[in-house]
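S.K.: Have a look; sequence and predicted model below, questions after that.
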Amino acid sequence: MRCGASAPIFMSKRLLEYDPMTGISTWFEGYGNDGFKVAQTQDVKKILDRNKRLANDGSYKRQGIKEDWYHFATVPVTVLHEILMKYNLDWANKDDLPKIEKILQRDYKKLLTVDKV
């Protein structure tokens with residue numbers, strides 16, 4: 001969009017792909033002569049419900065600590081991508097994980113699988 005120009009007029013929206021494994025939908029949104037964008041959405045209700053259930057289950061956290069693991073969060077792929085684009089942090093880089101953990105605690109609390117860190 002040009003500086004000072006009004007928002008582009010939405011012309012068309014079309015589903016390009018749906019992945020039933022991840023729940024990710026890829027959309028094409030056309031804006032006539034003002035261009036287009038490709039966007040992804042993801043249904044995360046099941047993830048949020050599961051995370052809430054696990055966060056409320058104190059035995060889950062205790063069992064993990066006892067067995068030398070700690071399930072901190074379940075993070076949808078679309079959120080990992082958003083963090084990568086917004087903060088240039090990659091979950092596959094172990095040096096980035098502490099920073100990502102802080103972002104999740106601050107901005108994405110519903111993704112946590114523990115009630116307290």
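M.R.: Structure received. Note that the structure is a prediction, hence the values are computed from the model and not measured. Residues are numbered from 1 along each chain as shown.
S.K.: where along this protein do the strands fall?
M.R.: With DSSP state E as the criterion, the chain has strands at 12-19, 24-30, 36-42.
S.K.: which one of the ones you listed is the most hemmed in?
M.R.: Mean neighbours per residue, mean count of other Cβ atoms under 10 Å, is largest over the strands of the chain for strand 24-30, with a mean of 15. All C-beta atoms are positioned from the backbone trio N, CA, C, and that covers glycine.
S.K.: contacts for that one?
M.R.: With Cβ atoms under 8 Å, 6 or more residues apart in numbering as the test, strand 24-30 has contacts from 10-19, 36-42, 77-78.
S.K.: same question, stretch 83-96
M.R.: Stretch 83-96 has contacts (Cβ under 8 Å, 6+ apart) with 75, 80, 97, 99, 100, 103.
S.K.: Try it again at 6 Å.
M.R.: Stretch 83-96 is contacted from outside by 80, 99, 100, using Cβ atoms under 6 Å, 6 or more residues apart in numbering.
S.K.: how close does the residue nearest the centre of the chain get to residue 111?
M.R.: Nearest residue to the geometric centre of the chain (Cα atoms, centre = their mean): residue 79, 1.8 Å. Using Cβ to Cβ, to the nearest Å, one gets 7 Å for the distance from residue 79 to residue 111.
S.K.: Equivalent analysis for residue 49, please.
M.R.: 12 Å.
S.K.: cool, and residue 83?
M.R.: The gap separating residue 83 from residue 111 is 11 Å, by Cβ to Cβ.
S.K.: repeat for residue 64
M.R.: On the measure of Cβ to Cβ, residue 64 and residue 111 end up 17 Å apart.
S.K.: Could you do residue 59 as well?
M.R.: Taken as Cβ to Cβ, the span from residue 59 to residue 111 is 21 Å.
S.K.: then the lowest-mean-pLDDT helix or strand in the chain to PDB, C-alphas only?
M.R.: None of the helices or strands of the chain scores lower by mean pLDDT, DSSP states H and E than helix 58-66, at a mean of 86. What follows is helix 58-66, C-alpha atoms only, in PDB (Å, rounded to 0.1, in the frame of the first residue of the first chain):
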ATOM      1  CA  GLY A  58      -0.500 -31.100  38.800                       C
ATOM      2  CA  SER A  59       0.300 -34.700  38.600                       C
ATOM      3  CA  TYR A  60       1.300 -34.300  34.900                       C
ATOM      4  CA  LYS A  61       4.000 -31.700  35.800                       C
ATOM      5  CA  ARG A  62       5.200 -33.700  38.800                       C
ATOM      6  CA  GLN A  63       5.500 -36.900  36.700                       C
ATOM      7  CA  GLY A  64       7.500 -35.100  34.000                       C
ATOM      8  CA  ILE A  65       9.900 -33.700  36.500                       C
ATOM      9  CA  LYS A  66      10.200 -37.100  38.200                       C
END
